[in-house]
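**Q** turn this into a structure:
(one chain, ligands or ions: 1)
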Amino acid sequence: MTVVSVLPEVQAFLDRHHGLYIDGTWTPSNGRERLSVFNPATGSVIGSVADATVEDIDRAVASARGSFLKRTWRDMSPAARERVLLRLADLVERDAEFLAQLETLEQGQSITLSRILESGGAQSWIRYVAGLSTKITGQTFDVSIPLPLEARYTAYTRKEPIGVVAGIIPWNFPLLIGVWKVLPALAAGCSVIAKPSETTPLTMLRFAELATEAGVPDGVFNVVTGLGSLAGERLVRHHNVTKVSFTGSTPTGKRIAEHCASRLARVSLELGGKNPAIVLADADPSRVISGLTMAGFMNQGQICAACSRVYVEAPLFDTVAAGLQNALSDMSIGPGMDDAAFINPVVSAAHQMKVQGFLDSASEAGAEMVWGPQAPDPHGFYVRPALVINPDDAVPLTRDEVFGPVMTLTRVASAEEALARANDTPFGLASSLWTRSVDAAMRLPPRMDAGTVWVNSHVMIDPNMPFGGMKESGIGRDFGTGWLDAFTETKSICIQH
Ligand code: NDP
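**A** Numbering: from 1, shown residues only. A predicted model of the protein is given here:
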C-alpha cells in the first residue's frame, strides 16, 4: 500500500471559499447556500462550493452571450485559437498531479486512473480538439438551376459557431468529460458555460482558471456550480443558450431534450448504457478474463461504456466464470489515494445506497452472487464488487443501468442467443465481441445495437474515434474529425455575378 500525500497546493485549493467563475474571474453567488464536497474514501467534507441561484445563472449566460457578441474569440484566427487551446493543454500537463489528486479526492477514483485518464486524457483530447480549430471548412459550388436562366451564381458554405453552449457534466470523470463538453465548443468559436455535477465540482473550477491563464478571453468560458434541478435546469431552459451538450443519465437527458425541443435549441446527448459482451466459444479465455475485469470494474463500474452483462457460449462458460471469480478475489480495495487499490469507493453515499439496493434485490431474488473484497472503512462509500451468475432477466440489476462494480454472467447456447439477449435493451451505447474467428468478427458487429463495438477489447476510446449512443443511449457523437459540426451552423452564401 502506497498512499499518495496530498500536495500543499491541492489542500490550499480545497480550503478556498470557491465562488462562481464568470467573465474571467471569481465572483460570489448572490445566494448564501453552500454545497459540501465529500471525500468518498472517508465520507468527510473536504470543501464547499457555491450553490448558484437563478440570478447567478442569468449572469453567467449574459457574460457568455456578451463575449459571443463581442466576437473577440470567434473572430480570432483559427491558428491563434488553436495556440490558446494548445497552451491550455500545456497548463493541464504542468498541473497534472494537482488535477489528478483533486479528482481522486472528490470523485474517489484510483489516483493511477486519475493520472492516466483525467489529467493525462484531458491533455490528449484538448490537443486533438485544438487541431480541429484550423480544419473548419465549407464547400464552394455553382448553382445548378439559376434564375433567370442566363444569370450566373456561385455559392459557398461557411461553418459558423453556434452561439452560447451549456456543457452539463456528470460526476464519473469530471475533468475528462468536462473537456469533452467544453473544448469542441471553444474550438468552434462558441462561448461556454460549464456546469459540473454538484458532487464533483472542483476540477472544472481549477480548469476555468487555467483557461484564463492560457489566454481564453474573459466571458468565453464560465463555470457555475449548483444543483442540477435548479442551476442546470435554468441553464438548459435559458433562451440565450443556443446549444446544450450533455453527458449524464438517460432520464435527465430526456428531460433536457424536452426543454430544448420546446424552444428548438440544439442538443447533443451522451447517455447511459447497459453494455453487453458476447464471448464466443473460440475466444482466448485469458484475454477475455483480463479484458472484462478491467471493463467491468475499473472506476467501480462508473463508466458509461463499462461492461455490465456478459453472455458466454456454453463450452467456455465455466472457464470464464472461474477466471472472473479469481480476478474478483485477487482485487485489492481501498482509498483512491492508495495507488495499489484497484477497487475504490463509489462517488457518494446516495450512489452507494442505489448500487447496494440493486445487489440486495438480486440476492433476495435468489441470484447466485460471487463477492469480491469487503470494504476497509465503514465511513467510506464502498460497495463490495460482485459477479452475478445466470440471473433472471426480470431482476432489475440485469436490465437497468447500475453504474457500480457489478457484472452479470450468463450462459448461452449460441451466438444467435447471445446476440438476441445483448440487443434486448432500450440502451445502445457500447458492446464487445470476443472471438478468434475472423468471420464472426466481420459478421456480428454490424448486427450489434451499439454506437461502438469492440472486438477482443472493451472501453477503448480515442479522440479520433466517434463515440455516442444508439436508442436511449443518446443523440449525436463526440470525438472524430466531424466533432465540431455539432457546434457550428452551416450558412450558405450565394453570389450572383
Ligand atoms: P445525471 O443525469 O444525474 O447528472 C448529469 C449532470 O446533469 C449533472 O451535472 C447534474 O447536476 C445535471 N442535472 C441533473 N438534473 C438536471 C436538470 N434537470 N437539468 C439540467 N441538468 C441537470 O448523471 P450522473 O451525474 O449521475 O452521471 C452518471 C450518468 O452519466 C450515467 O447514466 C452514465 O451512463 C452517464 N454517462 C454517459 C456517458 C456517455 O458518453 N454516454 C459518459 C459518462 C457518463 P447535479 O449532479 O448537480 O444534479
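**Q** pretty sure residue 184 contacts residue 486?
**A** Yes: here residue 184 reaches residue 486: they are 7.2 Å apart, a contact under C-beta atoms under 8 Å. To be clear about C-beta, it is placed using only N, CA and C from the backbone, and glycine gets the same treatment.
**Q** what do these two both touch?
**A** residue 245 (C-beta atoms under 8 Å, 6 or more residues apart in numbering).
**Q** higher neighbour count, the two?
**A** A direct count of neighbours by other C-beta atoms under 10 Å for residue 184 and residue 486 places residue 184 higher, at 28 against 20.
**Q** how about the closest residue to the more buried one other than its chain neighbours, phi and psi?
**A** Nearest non-adjacent residue to residue 184, counting by C-beta to C-beta, 6 or more residues apart in numbering: residue 483, 4.9 Å away. Residue 483 has phi and psi values of phi -60, psi -40 when expressed as degrees, to the nearest 10.
**Q** surely residue 483 is in contact with residue 130?
**A** No: assessed by C-beta under 8 Å, residue 483 is found out of contact with residue 130, at 11.8 Å.
**Q** which residues do those two both contact?
**A** If you check residue 483 and residue 130 against C-beta under 8 Å, 6+ apart, no residue is contacted by both.
**Q** where exactly do the helices run in the stretch 301-450 of the chain?
**A** 314-330, 349-364, 396-399, 415-423, 438-443 (DSSP state H, counting those that start in this stretch).
**Q** and the residue nearest to residue 184, what does it touch?
**A** Per C-beta under 8 Å, 6+ apart, neighbours of residue 483: 129, 132, 184, 466, 477.
**Q** now do residue 247
**A** 168, 169, 170, 177, 180, 181, 270, 271, 304.
**Q** so which of those are in helices?
**A** Counting by DSSP state H, the members of the contacts of residue 247 that fall within helices are 177, 180, 181.
**Q** now the second one: how far from the ligand?
**A** I take that to be residue 180. 8 Å (C-beta to the nearest ligand atom, to the nearest Å).
**Q** so what's the residue lying closest to that residue once chain neighbours are set aside up against?
**A** Sequence neighbours aside, residue 478 is the residue nearest to residue 180 in space, at 5.3 Å (criterion: C-beta to C-beta, 6+ apart). Going by C-beta under 8 Å, 6+ apart, residue 478 touches 180, 184, 268, 270, 466, 467, 468.
**Q** kindly recompute the last result at 6 Å.
**A** Contact analysis of residue 478 by C-beta atoms under 6 Å, 6 or more residues apart in numbering lists 180, 467, 468.
**Q** with pLDDT and neighbour count as extra columns, can I get those residues in a markdown table?
**A** Converted to a markdown table, those look like this (pLDDT from 0 to 100; neighbours: other C-beta atoms under 10 Å):
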| residue | pLDDT | neighbour count |
| --- | --- | --- |
| 180 | 98 | 23 |
| 467 | 98 | 21 |
| 468 | 98 | 22 |
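**Q** what is the burial count for residue 203?
**A** 30.
**Q** residue contacts, the residue lying closest to residue 248 once chain neighbours are set aside?
**A** In this structure, residue 248 finds its nearest non-sequential neighbour in residue 170, 4.5 Å apart by C-beta to C-beta, 6+ apart. Residue 170 is in contact with 197, 247, 248, counting by C-beta under 6 Å, 6+ apart.
**Q** please redo it, this time with the cut-off set to 10 Å
**A** By C-beta atoms under 10 Å, 6 or more residues apart in numbering, the residues touching residue 170 are 177-178, 181, 196-197, 199-200, 228, 246-249, 252, 270-272, 302, 304, 347, 403.
**Q** give me every residue in the stretch 201-350 of the chain lying close to the ligand.
**A** Residues of the stretch 201-350 of the chain lying near the ligand by C-beta under 6 Å from any ligand atom: 227-229, 232-233, 236, 247-249, 252, 255-256, 270-273, 304.
**Q** quick one: is the host helix or strand of residue 454 near the ligand?
**A** Using DSSP states H and E, residue 454 falls within strand 452-455. No: applying C-beta under 6 Å from any ligand atom, one finds strand 452-455 separated from the ligand by no less than 10.0 Å.
**Q** what does that strand rub up against?
**A** Counting by C-beta under 10 Å, 6+ apart, 273, 275, 277-278, 291, 295, 305, 307, 428-435, 438, 440-442, 444-447, 458-461, 465-470, 477 sit against strand 452-455.
**Q** so, low pLDDT: which residues of the stretch 251-400 of the chain?
**A** Low-confidence segments of the stretch 251-400 of the chain, defined by pLDDT under 70, are absent.
**Q** can you name the residue of the stretch 1-150 of the chain nearest the ligand?
**A** Residue nearest to the ligand within the stretch 1-150 of the chain: residue 35 (8.3 Å; C-beta to the nearest ligand atom).
**Q** right, and that residue touches residue 224 too?
**A** No: with contact defined as C-beta atoms under 10 Å, residue 35 does not count as touching residue 224 (11.7 Å).
**Q** who's more crowded, those two?
**A** residue 224 (31 against 17).
**Q** and the most centrally placed residue in the chain, what does it touch?
**A** The residue lying closest to the centre of the chain (C-alpha atoms, centre = their mean) is residue 177, at 4.1 Å. Residue 177 makes contact with 118, 121-122, 125, 167-171, 196-197, 204, 247-248, 270, 304, 478 under the criterion C-beta under 10 Å, 6+ apart.
**Q** swap the cut-off to 8 Å and go again
**A** For residue 177, the contact set (C-beta under 8 Å, 6+ apart) comprises 169, 170, 247.
**Q** starting at the chain centroid, how far to stretch 132-144?
**A** Centre-to-centre, stretch 132-144 and its host chain are 30 Å apart (C-alpha atoms, centre = their mean, to the nearest Å).
**Q** grab the nearest non-local neighbour of whichever residue of the stretch 301-450 of the chain sits closest to the ligand.
**A** Residue nearest to the ligand within the stretch 301-450 of the chain (C-beta to the nearest ligand atom): residue 304, separated by 3.0 Å. Computed as C-beta to C-beta, 6+ apart, the closest residue to residue 304 that is not its neighbour in sequence is residue 273, at 5.4 Å.
**Q** please apply the same query to residue 217.
**A** Nearest non-adjacent residue to residue 217 (C-beta to C-beta, 6+ apart): residue 72, at 4.8 Å.
**Q** which residues of the stretch 51-200 of the chain fall in strands?
**A** 140-142, 153-161, 164-168, 191-195 (DSSP state E, counting those that start in this stretch).
**Q** let me know the angle separating the second one from strand 191-195.
**A** Taking axes from the mean of the first three to the mean of the last three C-alpha atoms, to 10 degrees, strand 153-161 and strand 191-195 form an angle of 30 degrees between their directions.
**Q** how about the third one?
**A** Comparing the axes of strand 164-168 and strand 191-195 via the same axes, to 10 degrees yields an angle of 20 degrees.
**Q** and strand 164-168 with the ligand, contact?
**A** Yes: using C-beta under 6 Å from any ligand atom, we find that strand 164-168 touches the ligand at residue 168.
**Q** direction included, what does that strand pair up with?
**A** In its sheet, strand 164-168 lies beside strand 191-195 (parallel), strand 243-247 (parallel), with partners assigned from DSSP bridges.
**Q** before we move on, the earlier item: in PyMOL, how would I select the buried members of the residues of the stretch 201-350 of the chain next to the ligand?
**A** Command for PyMOL, covering only those of these found buried under the criterion 16 or more other C-beta atoms under 10 Å:
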select buried, resi 227+228+232+233+236+247+248+252+255+256+270+271+272+273+304
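**Q** the residues of the stretch 201-350 of the chain next to the ligand in strands, which ones?
**A** Members of those lying in strands (criterion: DSSP state E): 247, 270.
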